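Q: Structure for this input, please:
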Amino acid sequence: MKAIVLERLHADHHRYAALLCILDRQLHIAACDELPDYRLLARLCHYLTHQPEEWHHPVEDALFARLAGCHAQSAELLVVLSEEHRRITRDGNELEATFRRQADDMPEEELDDNRLNLARAFSELYHHHLYSESRHVYPLIERCIPAAELDEMSPRIPLLIPAEGSPGFQGLYRQIADNHTGLRLGHGEQADFCPLCDARPGPLPDPTIC
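A: This is a model prediction of the structure:
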């Protein structure tokens with residue numbers, strides 16, 4: 001049976017990946033010389049930056065330290081991933097502030113190339129980071145550290161901080177789900193599904209009905 005801590009980490013990754021996909025779709029809208037939802041972009045960057053710092057990254061840091069002690073070959077990768085935690089926090093905070101200023105001061109202006117490229121780099125780093133952890137580090141943790149030991153860490157690493165049940169996430173979820181925002185691609189096109197709420201495009205209107 002998978003340790004509770006690892007189950008929670010994987011669930012967080014699934015949620016982060018869904019939000020990153022929606023962020024990527026908003027950036028594609030900006031790249032199409034259309035106006036993205038700047039307030040949504042700010043809220044996405046806020047959640048993707050601050051929620052991991054509350055629980056996810058501190059837990060990973062503790063697990064990385066434990067793994068380095070029993071699997072020396074992973075030490076270099078773990079150092080890189082820990083540095084990426086700091087970069088994600090730094091760049092996410094900068095982007096959140098940028099998108100909030102844009103929403104407040106220039107809501108009708110297109111996103112300039114420098115900010116668009118910074119946001120794309122943030123998303124690319126985040127995607128790669130999640131992949132490295134899920135495909136390489138988590139399996140090592142599961143293989144090298146007994147599940148019973150990982151579960152014993154739970155009292156020292158509380159699972160009480162809500163994730164998908166938090167008010168911040170529920171507000172973001174409702175903003176995306178109620179307006180089918182996660183489907184938007186630009187040029188009036190829609191994706192096949194929303195990765196967060198699984199919304200699907202509605203049927204096209206019947207041209208024979210006036």
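Q: Which strand or helix spans the spatially most central residue of the chain?
A: Nearest residue to the geometric centre of the chain (C-alpha atoms, centre = their mean): Tyr16, 2.7 Å. When elements are assigned from DSSP states H and E, Tyr16 belongs to helix 4-31.
Q: Could you identify the helix or strand that succeeds that helix?
A: Helix 4-31 is succeeded, C-terminally, by helix 38-51 (DSSP H and E).
Q: Give the other helices and strands that that following helix contacts.
A: helix 4-31, helix 75-105, helix 113-132, helix 167-178 (3 or more C-beta pairs under 8 Å, 6 or more residues apart in numbering; DSSP states H and E). All C-beta atoms are positioned from the backbone trio N, CA, C, and that covers glycine.
Q: chain center to the first one: distance?
A: Averaged C-alpha coordinates place helix 4-31 at 4 Å from its chain's average position (C-alpha atoms, centre = their mean, to the nearest Å).
Q: Verify the contact between Gly47 and Phe169 for me.
A: Slight slip there: residue 47 is Tyr, not Gly. Yes - using C-beta atoms under 8 Å, Tyr47 is in contact with Phe169, at 6.5 Å.
Q: Looking at the two, which is more packed in?
A: Using other C-beta atoms under 10 Å, the more surrounded residue of Tyr47 and Phe169 is Tyr47, with 21 against 16.
Q: Let me see the confidence value for the more buried one.
A: Here, the pLDDT recorded for Tyr47 equals 96.
Q: Tell me the spacing between it and His187.
A: According to C-beta to C-beta, to the nearest Å, Tyr47 stands 27 Å off from His187.
Q: What of Asp61?
A: Taken as C-beta to C-beta, the span from Asp61 to His187 is 42 Å.
Q: Which one's more surrounded, those two?
A: Using other C-beta under 10 Å as the criterion, Asp61 and His187 rank with Asp61 on top: 14 against 10.
Q: buried stuff in the strand or helix carrying the more buried one?
A: Element membership for Asp61 (DSSP H and E) is helix 57-70. Going by neighbour count (16 or more other C-beta atoms under 10 Å), the buried part of helix 57-70 is 57, 59-60, 63-64, 66-68.
Q: Show me what it is packed up against.
A: helix 4-31, helix 75-105, helix 138-144.
Q: Tally up the residues packed near the nearest residue to His187 once chain neighbours are set aside, please.
A: In space, and not counting its chain neighbours, His187 is closest to Cys32: 5.7 Å by C-beta to C-beta, 6 or more residues apart in numbering. When neighbours are defined as other C-beta under 10 Å, Cys32 has 14 of them.
Q: measure Cys32 to Gln26 for me?
A: To Gln26, Cys32 is 11 Å away according to C-beta to C-beta.
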